[in-house]
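In: predicted model and sequence follow; I will ask about them next.
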Amino acid sequence: MSAPRNIGVFYSHGPHYLRVLRRVREEHPGARITALVPPGFPVGMAEKEAGEVLLTPAPPHSLRRPGAVRALLRQLRGERFDRLVVMFDSPRLRLLAKASGAGERWCCLADGRYAPLEGSLPGMAVDALRRRATGWATWLRIWVEVRFRRAG
């Protein structure tokens with residue numbers, strides 16, 4: 001696999017976006033790096049770390065706002081990124097990265113881990129259901145423990 005030359009770094013609400021841009025720049029010093037940020041983001045801060053800054057359609061990008069999702073996907077596909085980097089390993093961001101048309105999909109987490117997002121769409125759906133079931137089971141276990149625990 002050759003080194004990516006055109007990399008998009010998608011902003012999600014979180015404190016480590018500039019660190020993600022720095023990390024991607026360290027990993028790929030010769031690449032064109034585009035910061036994809038929402039309206040209102042301090043563009044000057046991102047310009048210091050990325051070569052370009054593109055404003056994305058205003059969030060939220062959810063099924064409740066299909067027009068915003070379509071506009072975002074049109075923009076991402078139009079850029080023809082070799083690699084799209086997201087900040088969190090969530091089912092929604094995995095799906096966005098997959099639908100972006102980028103050749104590679106990666107995640108750069110707050111702790112500095114930088115790794116590919118692997119898996120097929122059905123695998124992502126199964127993983128999302130597994131995470132949801134695990135979350136509900138954990139919540140239920142805590143609720144039962146709190147509700148029925150005898151003071152003593």
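Out: Arrived safely.

In: can you give me the strands in this protein?
Out: For the chain, the strands defined by DSSP state E occupy 6-10, 32-37, 52-55, 83-86, 104-108, 114-116.

In: test my guess that Arg32 contacts Val9.
Out: No. Checked against Cβ atoms under 8 Å, the pair Arg32 and Val9 is beyond contact range at 11.3 Å. In short, each C-beta sits where N, CA and C put it, glycine included.

In: out of those two, which sits in the more crowded spot?
Out: Applying other Cβ atoms under 10 Å to Arg32 and Val9 shows that Val9 carries more neighbours, namely 26 against 16.

In: if I look at the more buried one, how far off is Thr56?
Out: 11 Å (Cβ to Cβ, to the nearest Å).

In: now the end-to-end length of stretch 77-97.
Out: 10 Å (Cα to Cα, to the nearest Å).

In: what is the mean pLDDT for it?
Out: Here stretch 77-97 scores 92 as its mean pLDDT.

In: who touches it?
Out: 4-12, 14, 16-17, 20, 24, 34, 54, 61, 72-73, 76, 100-110, 114, 117, 119, 121, 124-125, 127-128, 131 (Cβ atoms under 8 Å, 6 or more residues apart in numbering).

In: for that stretch, list every residue counted as buried.
Out: Going by neighbour count (16 or more other Cβ atoms under 10 Å), the buried part of stretch 77-97 is 79, 81-88, 93-94, 96-97.

In: domain map for the protein?
Out: Domain ranges of the chain: 6-118, 119-152, per automatic domain parsing.

In: end to end on the longest one, go ahead and measure it.
Out: Domain 6-118 stretches 20 Å from its first residue to its last (Cα to Cα).

In: related to what we said a few turns ago, give me the buried entries from the contacts of stretch 77-97.
Out: In the contacts of stretch 77-97, the ones that pass as buried (16+ other Cβ under 10 Å) are 4, 6-12, 16-17, 20, 24, 34, 54, 61, 72-73, 76, 100, 102, 105-109, 117, 124.
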